[in-house]
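*Asks:* Return atomic coordinates for the entry below.
(one chain, ligands or ions: 1)
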Amino acid sequence: MKKQGFTFLSITTFLMSTFALPAVAVEVNTIQPAITVGQWSNAFPATPGTLEIVDVAGEGGNLENNAPLGTGVVKMQTTGDNSSRAEVRIVDNFGTVGSFIQNGTLSYDYYHESGAPNPNIAPAIKFEILDYTSNNGAGYATFIYEPTYNGTLSFDDWNHIDITGTSGNFWHMTLYGENGLIFNNTFDEWNTAFNSSLGGGFLDTFLDANIFSISLGLGSGTPGQTGYIDNVNFSSLDANQNAITLMADFETLDVAAVPLPATLPLYGTGLAALGLMGWRKRRRASR
Ligand SMILES: [Ca+2]
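*Replies:* Just a heads-up that it's a prediction; the model follows:
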C-alpha cells in the first residue's frame, strides 16, 4: 500500500509538472538523444537502429514528390539485429483515454518501401497508458496502432492515417492483466472489453487512465527495415476541458538561414589581409 501511495504521488507530480502543449504547428529540427519531457526524443538510444530528420528534396519519386509537409521527414532504420529499434517519442500529458474516445483525434503520415525483409511492417504509432488509480497492479501498457492491422498497405508512397477513439485498431502489451493480442479493437471497443472482463461495479475503469506519451517507430523483431514519418497531429481535452494540441512538422535546420556570428566577417577580413600580405611578399621576392 505504501508503494502505491508513493507511485500515485510521483505520477501526479509528474503530470502536474509537464509543459503546456503549444496550440500551433511546431517545426521540429532536433530529436533529443534521450527522453526529454515535452520534446521529441529518441526512445531507445542504447538499442541499435538509426533515427534522424532528413531532407527528401532531390530524392525523387513519391518520397520527395508526395512528402506530406515540407521536405523534412523522420527517417528510421533498424539494423540486421533482431533487437534493433528506431522510435521517436514525446512524453507529456495527453489527457485521459475517456477524453480521447470522446474528443480525440490522432493522425500521421508514413512512407512504406517495397522490397523490405518484412513487407507487412510500416512505422507504427503508439500511446503509453498509465492508470494511476489502478488498484490491481497492472495499470501500465503500450497501445500500438500498426498499419498492417488497419487495411491494405500501399507501397512506395506516403500514406495518411486518421485515428479516433472509435476508428483505428490498437493491440496492447497487457493492461489490467488482460490479453492485448487482439488486433481489431478500437479504444472504444477496448473500454467495452475491459468493463466486461473486469465485472460490473468495478470503479477503476479504462476511461480515467492517462495517455502520457506518443511514439512512432519500427521494431523490435523487424530487422533491416526503413521507414519515414512526418506530420504528426494529436488533439484532445484536458480535465478542465482545455484543448491539448500537438502538431509536429519535422524539418532539417535551414543552415543558410542561420546568421553568422558578428565576429566571423571580421575574422574573414583578417584572413584576406594576411593573404594579401603574403601575395605582396611573394611579389617582391619574385622581382
Ligand atoms: Ca516535414
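
*Asks:* Grab the nearest non-local neighbour of Ala57.
*Replies:* Thr71 (4.3 Å; Cβ to Cβ, 6 or more residues apart in numbering). All C-beta spots, glycine's among them, are computed from the backbone N, C-alpha and C.

*Asks:* And Thr36, by the same measure?
*Replies:* Distance criterion Cβ to Cβ, 6+ apart; nearest residue to Thr36, sequence neighbours excluded, is Val91 at 8.0 Å.

*Asks:* pretty sure that neighbour contacts Ile211?
*Replies:* No - the criterion here is Cβ atoms under 8 Å, and Val91 misses it with Ile211 at 10.5 Å.

*Asks:* mind checking which helix or strand Glu64 is in?
*Replies:* Element membership of Glu64 [criterion: DSSP states H and E] is helix 61-65.

*Asks:* Run through the neighbouring helices and strands of that helix.
*Replies:* With contacts taken as 3 or more Cβ pairs under 8 Å, 6 or more residues apart in numbering; DSSP states H and E, helix 61-65 sits against strand 157-164.

*Asks:* change it to 10 Å
*Replies:* Applying 3 or more Cβ pairs under 10 Å, 6 or more residues apart in numbering; DSSP states H and E, we find helix 61-65 packed against strand 72-77, strand 105-112, strand 157-164.

*Asks:* could those strands go into a markdown table alongside mean neighbour count, distance to Phe170 and mean pLDDT?
*Replies:* A markdown table is the format used below for these (neighbours: other Cβ atoms under 10 Å; distance: least, Cβ to Cβ, whole Å; pLDDT from 0 to 100):
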| stretch | mean neighbour count | distance to Phe170 | mean pLDDT |
| --- | --- | --- | --- |
| strand 72-77 | 23 | 20 | 98 |
| strand 105-112 | 22 | 10 | 97 |
| strand 157-164 | 17 | 9 | 97 |
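
*Asks:* now those strands as TSV including distance to the ion?
*Replies:* Converted to TSV, the helices and strands packed on helix 61-65 look like this (distance: least, Cβ to the ion, whole Å):
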stretch	distance to the ion
strand 72-77	4
strand 105-112	9
strand 157-164	11
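
*Asks:* Dump these into CSV; add distance to Thr174 as well.
*Replies:* Below are these laid out as CSV (distance: least, Cβ to Cβ, whole Å):
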stretch, distance to Thr174
strand 72-77, 25
strand 105-112, 22
strand 157-164, 21
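
*Asks:* Tell me where the stretch 51-200 of the chain has helices.
*Replies:* Assigned helices in the stretch 51-200 of the chain, in chain order: 61-65, 97-103, 187-198 (criterion: DSSP state H, counting those that start in this stretch).

*Asks:* Any idea which of those helices gets closest to the ion?
*Replies:* The ion lies closest, by Cβ to the ion, to one member of those: helix 61-65, at 11.9 Å.

*Asks:* check whether that closest one contacts the ion.
*Replies:* No - residues of helix 61-65 contacting the ion under Cβ under 5 Å from the ion: none, with a closest distance of 11.9 Å.

*Asks:* And for stretch 230-241?
*Replies:* Yes - Stretch 230-241 comes into contact with the ion (Cβ under 5 Å from the ion), by way of Asp230.

*Asks:* Can you point out the buried residues in that stretch?
*Replies:* 230-238 (16 or more other Cβ atoms under 10 Å).

*Asks:* Okay, now the unreliable bits of the chain?
*Replies:* Along the chain, segments meeting pLDDT under 70 span 1-24, 134-137, 200-204, 255-287.

*Asks:* nearest to Asn242, of the helices and strands packed on helix 61-65?
*Replies:* strand 105-112 (15.9 Å; Cβ to Cβ).

*Asks:* chain center to the closest one, what's the gap?
*Replies:* 10 Å (Cα atoms, centre = their mean, to the nearest Å).

*Asks:* Check stretch 29-46 too.
*Replies:* 9 Å.

*Asks:* what are the C-alpha coordinates of that stretch, in PDB please?
*Replies:* Extracted in PDB, the C-alpha atoms of stretch 29-46 (Å, rounded to 0.1, in the frame of the first residue of the first chain):
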ATOM      1  CA  ASN A  29      14.500  20.300 -36.100                       C
ATOM      2  CA  THR A  30      16.100  18.200 -33.400                       C
ATOM      3  CA  ILE A  31      15.400  14.800 -31.900                       C
ATOM      4  CA  GLN A  32      16.700  14.700 -28.300                       C
ATOM      5  CA  PRO A  33      19.300  12.000 -27.800                       C
ATOM      6  CA  ALA A  34      17.400  10.600 -24.700                       C
ATOM      7  CA  ILE A  35      13.800  11.100 -23.300                       C
ATOM      8  CA  THR A  36      13.300  14.700 -22.500                       C
ATOM      9  CA  VAL A  37       9.800  15.600 -21.300                       C
ATOM     10  CA  GLY A  38       7.800  17.700 -23.700                       C
ATOM     11  CA  GLN A  39      10.300  17.200 -26.600                       C
ATOM     12  CA  TRP A  40      10.600  14.700 -29.400                       C
ATOM     13  CA  SER A  41      13.200  12.200 -28.200                       C
ATOM     14  CA  ASN A  42      15.000   9.000 -29.100                       C
ATOM     15  CA  ALA A  43      13.000   6.400 -27.200                       C
ATOM     16  CA  PHE A  44      15.700   3.700 -27.300                       C
ATOM     17  CA  PRO A  45      19.100   5.400 -27.500                       C
ATOM     18  CA  ALA A  46      21.000   2.400 -26.300                       C
END
